[in-house]
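In: below are the sequence and a predicted model; questions follow.
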Amino acid sequence: MAGLIKREDIDEVRQRTDIKEVIDGYVTLKGAGLGSYKGLCPFHDERSPSFTVRPQVGRYHCFGCGEDGDVISFVQKLDHTSFHEAVEKLAHRIGFELHYEDGGSGPNREDIGRRQRLLDAHKIADEYFRAQLLTPGAAEGRKFLYQRGFDRAAAEQFGVGYAPQGWDSLLKHLRGRGYTDPELKLTGMFSEGGRGIYDRFRGRLIWPIRDIAGDTIGFGARKLYEDDQGPKYLNTPETALYKKSQVLYGIDLAKRNIAKDRQLVVVEGYTDVMACHLAGIPTAVATCGTAFGTEHIKIARRLLSDDGSGGEVIFTFDGDAAGQKAALRAFEEDQRFVAQTFVAVEPSGADPCELRQSKGDSAVRDLIGSRRPLFEFAIRATLRRHNLDTVEGRIAALRESAPVVAQIRDAGIRPAYARELAGWLGMPVEEVSRAVGSATKRAAQAASAPPGGGQGNGNGQGQGGGQGYGSGRGFAGPGPGVAPLPPSAVLPSFNRPDPRDPVAAMERQALEVALQEPGMLEGETWQRFSEARFSTPAYLAIHEAIRAAGLAFAGDPVRWVEQLLHEVPEPLRPLVSELSVVPLPASTPEGVQRYCKDILARLFELQITRVKAEKMGQLQRLDASADPEEFQRLNRELMQLEMQRRSLRADA
């Protein structure tokens, strides 16, 4: 079929792409054993990292939600692209030329993925705006930057540009690069009137808004001229690329430092981000015309490795009423973080950009250094709404502020703030502590109530929470399983292996070795492994798939695992992915070799033990006087098996 990418090229892209390098652009990964990495899962909200990446086999697997796959599926899911578009994006990343089933060098413009076309249009526009900032017509834009303490180097560092005052400057430029009007409408860079489309941004200073991977997906534009009737700041509207609730300005520049310093600073504007970075706070980002919400928190938590081992989120807000309101909105989301949350407010009401202008870089650093816990700010803001000079006002303030104190996660800090609150209110500590304790209990009861008032089934599982593994995407039931698939009457069913069963545990370890280190199966070892008898149904099916696949791709772990995924029954594919990324308990290459040899030796010893038991049974049932030759044969075989067993132990 024309337009289909050749299979061998897909395999080549998969093999040549460093999956860790790609995933590192979205998730902060840390070493988790030799050749394994862990981070917070980008597919679900979690506090402890269970997302594992194994570059050697080119796979990732989350032991929390069950998401798994290779580098292509990762890009598909995170960038919301088709398989075709994901392969093309990765091929472009490594400079690999794809070939297609129609024999051509690739599809024509109409066949190129819409997302990539949109990204290319934004890249061209980004370059155009930056070039325009150096023209005579952009004098007002350069003046704006200079007055705020930003020189040409700063403008280049942050990609600041200028949109000319004409109605169709960018339109003509992109048309000249082969873009059609229907395509351009999808970019959000153009408005539409009775005579067609025209530039959305005109006579404005331009900031490129980039995603975490560094691709430009939208723009923010600042008004420069008095006759501009538009808003002070004008952003790209919602498009297929640009979702303001999922975008943080500056995240592409800050992500490495956020991960390294375990700190995220949230400011309010583009110039504030620039001021912070230039003043030595390279962890600053800003929302784009919306409050810091749930989707932003997901991005932040992944970069911070928000797993309870430290980290801080610092919000900076103006000292006015709007700034206080924004801080309280941020506090409502505080419970989604494990990291400590703080607020930094300049008493004069100056934002970081203004502060840097008037007092220099050190003042910006001092502002961030003066941060105080967000819950303290929230408590004090609550108290300011009441007249504490009256009994009624103090009682009302206690009723409203006690639930705020109750939200403090750290049980050790909570009583201390109850005492602080008592001092601020001028009330007895015991009375305030009782109010906070009652609020804490109410919050706990609300959190433990079933959502929607539904009832559980009494055994800790919901409907469909049995032990079957064929009715779901992964293992159903408790433990580090995976999310369920829709039921299917045509798929085989596999029970979850009991982790307490030593035989099942042994078989699982042997399969982990076979999947991750197929080179260990060569020669006589392959023969022994092929002849091994697995008793656990799920592991037996995977063992049969390995036998069917043979060792054709054993020298290439990525293709090896990919081949096995095609050989096993569909319900077992998540299990294969899981076994292929579980870190092996060794810290050096030599240690891995020793571990693998030991596990395989134990598997083969288990097989010998089974065969010995069978032959011992035959021997016991045999009348030696009636069939002395058979009796002697069985004894010889038992002796040979025992010698093999001892030899295996000696080698291991």
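Out: Great, that's in hand. Residues are numbered from 1 along each chain as shown.
In: which residues are in contact with Asp498?
Out: With contact set as Cβ atoms under 8 Å, 6 or more residues apart in numbering, Asp498 has these partners: Ala504. For the C-beta atoms, the positions are set from N, CA and C on the backbone; glycine is no exception.
In: count of neighbours near Asp168?
Out: Summarising burial for Asp168: neighbours were counted as other Cβ atoms under 10 Å, giving 15.
In: for Arg200, see how far away it is.
Out: For Asp168, the distance to Arg200 (Cβ to Cβ, to the nearest Å) stands at 11 Å.
In: kindly report the same for Leu398.
Out: According to Cβ to Cβ, Leu398 and Arg200 sit 51 Å apart.
In: and what of Asn235?
Out: Computed as Cβ to Cβ, the Asn235 to Arg200 distance reads 10 Å.
In: and Lys265, how close does it get to Gln157?
Out: Actually, residue 265 is Val rather than Lys. 17 Å.
In: between those two, who's got more neighbours?
Out: The residue with more neighbours, out of Val265 and Gln157 and counting by other Cβ under 10 Å, is Val265; that gives 30 against 14.
In: contacts only, for the nearest residue to the more buried one once chain neighbours are set aside.
Out: In space, and not counting its chain neighbours, Val265 is closest to Ala284: 4.3 Å by Cβ to Cβ, 6 or more residues apart in numbering. The contact partners of Ala284, taken as Cβ under 8 Å, 6+ apart, are Gly250, Ala254, Val265, Val266, Val267, Asp272, Val273, Cys276, His277, Pro352.
In: would you say the fourth one is within a strand?
Out: So the one you mean is Val266. Yes: in this structure, Val266 lies within a strand as judged by DSSP: H, G, I helix; E, B strand; the rest coil.
In: per-residue pLDDT, it?
Out: In the prediction, the pLDDT value recorded for Val266 is 93.
In: once you drop chain neighbours, what's closest to it?
Out: The spatially closest residue to Val266, leaving aside those adjacent along the chain, is Phe315, at 4.9 Å (Cβ to Cβ, 6+ apart).
In: can I take it that the one you found is in a strand?
Out: Yes: with the criterion set as three-state DSSP, the secondary structure at Phe315 is a strand.
In: partners of it in the sheet?
Out: Val266, Val343 (DSSP bridges).
In: quick one, grab the pLDDT at it.
Out: For Phe315, the model assigns a pLDDT of 90.
In: verify the stated contact: it with Ala344.
Out: Yes: at 7.2 Å, Phe315 and Ala344 qualify as touching, with contact defined as Cβ atoms under 8 Å.
In: which of those two has more residues huddled nearby?
Out: Neighbours per residue (other Cβ under 10 Å) separate Phe315 from Ala344, with Phe315 holding more: 25 against 22.
In: tell me the confidence at Ile368?
Out: The per-residue pLDDT reported for Ile368 equals 95.
In: before we move on, what about Asp623?
Out: On the pLDDT scale, Asp623 gets 69.
In: before we move on, what about Val53?
Out: Looking at Val53, its pLDDT is 95.
In: burial count for it?
Out: Neighbouring residues of Val53 were enumerated by other Cβ under 10 Å; the total is 25.
In: what do you get for Gln357?
Out: Taking other Cβ under 10 Å as the definition, Gln357 ends up with a neighbour count of 17.
In: CA atoms only: put stretch 294-301 into PDB for me.
Out: Taking Å, rounded to 0.1, in the frame of the first residue of the first chain, the C-alpha atoms of stretch 294-301 are listed here in PDB:
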ATOM      1  CA  THR A 294      -3.500  19.800  37.500                       C
ATOM      2  CA  GLU A 295      -1.800  19.200  34.100                       C
ATOM      3  CA  HIS A 296       1.000  21.600  35.000                       C
ATOM      4  CA  ILE A 297       1.500  19.700  38.300                       C
ATOM      5  CA  LYS A 298       1.900  16.500  36.300                       C
ATOM      6  CA  ILE A 299       4.700  18.000  34.300                       C
ATOM      7  CA  ALA A 300       6.300  19.500  37.400                       C
ATOM      8  CA  ARG A 301       6.100  16.200  39.400                       C
END
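In: buried set for that stretch?
Out: Using 16 or more other Cβ atoms under 10 Å as the test for burial, stretch 294-301 gives His296, Ile297, Lys298, Ile299, Ala300, Arg301.
In: same thing with stretch 79-98?
Out: Buried residues in stretch 79-98, counted by 16+ other Cβ under 10 Å: Asp79, Thr81, His84, Glu85, Ala86, Val87, Glu88, Lys89, Leu90, Ala91, Arg93, Leu98.
In: low-confidence ranges, the stretch 401-550 of the chain, go.
Out: Screening the stretch 401-550 of the chain residue by residue with the criterion pLDDT under 70, one finds the ranges 447-493.
In: same deal with the stretch 551-652 of the chain?
Out: Along the stretch 551-652 of the chain, segments meeting pLDDT under 70 span 610-616, 618-619, 621-625, 641, 644-652.
In: what's the distance between the closest residue to Pro537 other than its chain neighbours and Leu603?
Out: Here the nearest residue to Pro537 in space, its sequence neighbours aside, is Phe494; by Cβ to Cβ, 6+ apart that works out to 5.2 Å. Distance from Phe494 to Leu603, counting by Cβ to Cβ: 20 Å.
In: cool, Ala443 as well?
Out: Counting by Cβ to Cβ, the gap between Ala443 and Leu603 amounts to 51 Å.
In: show me which of the two is the more surrounded one.
Out: Of the pair Ala443 and Leu603, Leu603 is the one with more neighbours under other Cβ under 10 Å, namely 22 against 14.
In: and that one, helix, strand or coil?
Out: Recorded secondary structure, Leu603: helix (three-state DSSP).
In: swap in Phe219?
Out: strand.
In: residue contacts, Ile10?
Out: For Ile10, the set of contacting residues under the criterion of Cβ under 8 Å, 6+ apart consists of Ile72, Val87.
In: swap the cut-off to 10 Å and go again
Out: When contacts are counted by Cβ atoms under 10 Å, 6 or more residues apart in numbering, Ile10 is found next to Leu4, Ile72, Phe83, His84, Val87, Leu90, Ala91, Leu98, Glu562.
In: secondary structure element for the closest residue to Leu603 other than its chain neighbours?
Out: Sequence neighbours aside, Ala510 is the residue nearest to Leu603 in space, at 4.2 Å (criterion: Cβ to Cβ, 6+ apart). In this structure, Ala510 is located in helix 502-516 according to DSSP states H and E.
In: give me the buried positions along that helix.
Out: For helix 502-516, using 16+ other Cβ under 10 Å, the buried residues are Ala504, Met506, Glu507, Arg508, Gln509, Ala510, Leu511, Glu512, Val513, Ala514, Leu515, Gln516.
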